[in-house]
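**Q** with the input below, show me the fold.
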Amino acid sequence: MRPPELAIWIKSKKKDMVPSLQPGYSNRFMTWWKTLQPSWRLTDAQVILPHSCELPSGETWQDLRKGGSAGIYFVVMGLSWWVKAQLVEHDVNAWSIVDDLTWVIQEMKKYRASTLTPSPQKRRHDGEDEEEGQHIKRKKVL
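**A** Numbers count the residues shown, from 1 in each chain. A predicted model of the protein is given here:
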């Protein structure tokens, strides 16, 4: 469901070039964005936006993480072309998706932060103060 403009751009060697957007790009992009959403975000089959922001407990964002970080990067790039293509008219749908994507990225970031395992604590060496990590002198007991 990804718009063909994105597929062409991904295959091209010129990542700094914005492809020409064909008529209907906005509709193709909105449809693609909708297909990327977890089912709980889709409130009505006829309505593209707004998507639900009622985050269910245990949401892993697995559907949106399938493409790894490059997957979200492609969404951001495709959306940026749509926003840049607005010469005169302010497209409410484009800016609604900007807001929606911003929320999604923030929630994905929160999920990622909550699932990262903390780095192991540095092991304390003999003669090191537990709280301050400083060496303390030990007295020899005879």
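**Q** now the strands for the protein?
**A** With strands called from DSSP state E, the chain shows none.
**Q** hey, which helix is longest across the protein?
**A** Using DSSP state H, we find that the single longest helix of the chain is helix 92-115.
**Q** residues making contact with stretch 57-67?
**A** For stretch 57-67, the external contacting residues (C-beta atoms under 8 Å, 6 or more residues apart in numbering) are L36, Q37, P38, W40, G71, I72, F74, V104, E107, M108, Y111. Using the backbone N, CA and C atoms, a C-beta is placed for each residue, glycine as well.
**Q** wait, what's in contact with the nearest residue in space to R2 that is not next to it in sequence?
**A** Nearest residue to R2, sequence neighbours excluded (C-beta to C-beta, 6 or more residues apart in numbering): W32, at 5.4 Å. W32 sits next to M1, R2, P3, G78 when contact means C-beta under 8 Å, 6+ apart.
**Q** please report how far the first one lies from Q37.
**A** Right, M1. Distance, M1 to Q37, using C-beta to C-beta, to the nearest Å: 12 Å.
**Q** and the residue lying closest to P56 once chain neighbours are set aside, what is it in contact with?
**A** Nearest residue to P56, sequence neighbours excluded (C-beta to C-beta, 6+ apart): W40, at 5.5 Å. When contacts are counted by C-beta under 8 Å, 6+ apart, W40 touches S52, E54, P56, E59.
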